[in-house]
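Participant: I need the structure of the sequence given here:
(one chain, ligands or ions: 1)
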Amino acid sequence: MSTAAPTPIVALAGGVGAARFLRGLVRAVDPRDVTAIINTGDDRRFYGVHVSPDIDIVTYTLAGRVDRQRGFGLADDTFALIDALAALGHETWFRLGDADFATCQHRSLRLAEGAGLAEVTDEIRRRFGVATRLLPMSEDPCATLVELSGGDRMHFEEYLVRDGAPSDVEGVDLSAARNARPGPGVLDALRAARSILFCPSNPVVSIGPILALPGVREALRESTAPVIAISPIVAGAPVKGPADSLLRGIGAEVSARGVARLYRELIDGFVLDTRDREEASDVAALGLRCIAVDTLMRDGDVAERLARDALELADSLR
Ligand code: GDP
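Facilitator: Modelled structure (predicted):
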């Protein structure tokens, strides 16, 4: 199985922000030289099937088949199955398209046959013609829970999709990830990496769960590879999604500088957006090499340039 082969660039990844960046990265370098370690804290069973939202977003995006408007799901998918389930009285707030459902059904069948999530993920990405290795961060259940004021605690997908990401976040519970084992190949990939990149993903609920896994922080600290993070905060706000509420909820500043502070012990360099360039000196004061470039990935060209900038920063730190 290909999860054993070491590859030189390792990227820690969530969903949409990561997928946009990885699309650029695999234009900048040989896609086979990239390994993405992907968050599974959002995974959950829906309608009897195992849904891995971030793995599927990255797979579909790298395959060129993602629904670009939504940023997730498959382009031109239909929704007959979910509509039929709704007609039967099911709660259907998590709207899986028909072909997307088939991916999840296939995953569930293979898991029931005894395959591991890493193996199935590898099979699926190959079927989609994706040359980049995609590693689930863990094969153990590691649901991320969000805690709201008033004491409500819920699975991340319930928070995001069912409830529309309310802003009154009081905390994020990563204890499941903290007690999970890293997936096959994860620690080996980090140890063998020539460069390690933190994609511009949600630091709290996408990169946070990966960093919470036993052994990951140690592997990053011991690695001789430069570690570079790209800010998901642009002009002081998330490009998309509830990173602001989640950052505030864990007591962090909603800014590029705030994200750099969260990662400071683990990274060597930080890429922030030109719109936040006045924060670069604060990031440098943390002991990090910092560059300011255009990080708003409107298209593949910007994403490719951003990937090249991040890799150049890594090279300058060797
Ligand atoms: P999710 O699991 O689908 O939410 O995906 P991620 O965690 O990978 O991505 C969410 C983060 O990506 C958000 O915090 C966004 O601000 C960030 N993001 C999305 N698009 C861009 C972009 O074009 N540039 C940058 N710098 N960040 C982005």
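Participant: Next, count neighbours for Asn266.
Facilitator: Not quite, residue 266 is Leu, not Asn. 18 (other CB atoms under 10 Å). Glycine gets a C-beta too; all of them are placed from N, C-alpha and C.
Participant: Go ahead and confirm it touches Leu211.
Facilitator: Yes - between Leu266 and Leu211 there is a contact under CB atoms under 8 Å: 7.1 Å.
Participant: which residues do these two both contact?
Facilitator: Common contacts of Leu266 and Leu211 (CB atoms under 8 Å, 6 or more residues apart in numbering): Arg217, Leu220.
Participant: Pull the distance from the longest helix anywhere in the chain to the chain's centre.
Facilitator: The single longest helix within the chain, with elements called by DSSP state H, is helix 300-316. Chain-centre distance of helix 300-316: 18 Å, with CA atoms, centre = their mean, to the nearest Å.
Participant: can you pull the contacts of the residue in the stretch 51-200 of the chain positioned nearest to the ligand?
Facilitator: The minimum distance from the stretch 51-200 of the chain to the ligand, using CB to the nearest ligand atom, falls at Pro200 (3.6 Å). Pro200 makes contact with Gly17, Ala18, Arg20, Phe21, Ile230, Ser231, Pro232, Val239, Thr295, Met297, according to CB under 8 Å, 6+ apart.
Participant: give me that answer again for 10 Å
Facilitator: 13-14, 16-18, 20-21, 206-207, 229-234, 238-239, 243, 259, 271-273, 295-297, 303, 306, 310 (CB atoms under 10 Å, 6 or more residues apart in numbering).
Participant: Assign a three-state SS to it, would you?
Facilitator: coil (DSSP: H, G, I helix; E, B strand; the rest coil).
Participant: just Ala292 next, same as before
Facilitator: strand.
Participant: list the contacts for the residue lying closest to it once chain neighbours are set aside?
Facilitator: Once flanking residues are discounted, Ala292 sits nearest to Arg277: 3.9 Å by CB to CB, 6 or more residues apart in numbering. Arg277 is in contact with Ala256, Cys290, Ile291, Ala292, Val293, counting by CB under 10 Å, 6+ apart.
Participant: Can you show me the strands along the stretch 1-150 of the chain?
Facilitator: Assigned by DSSP state E, counting those that start in this stretch, the stretch 1-150 of the chain shows strands spanning 9-13, 34-38, 44-46, 49-51, 133-136, 145-148.
Participant: would CSV of these with mean pLDDT, distance to the ligand and mean neighbour count be doable?
Facilitator: Shown next, in CSV, are those (pLDDT from 0 to 100; distance: least, CB to the nearest ligand atom, whole Å; neighbours: other CB atoms under 10 Å):
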stretch, mean pLDDT, distance to the ligand, mean neighbour count
strand 9-13, 98, 6, 28
strand 34-38, 98, 9, 28
strand 44-46, 98, 13, 17
strand 49-51, 98, 13, 19
strand 133-136, 98, 14, 26
strand 145-148, 98, 13, 20
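Participant: nearest to Glu157, of these?
Facilitator: Glu157 lies closest to strand 44-46 among the strands of the stretch 1-150 of the chain, at 5.3 Å (CB to CB).
Participant: I am finished for the moment; much appreciated.
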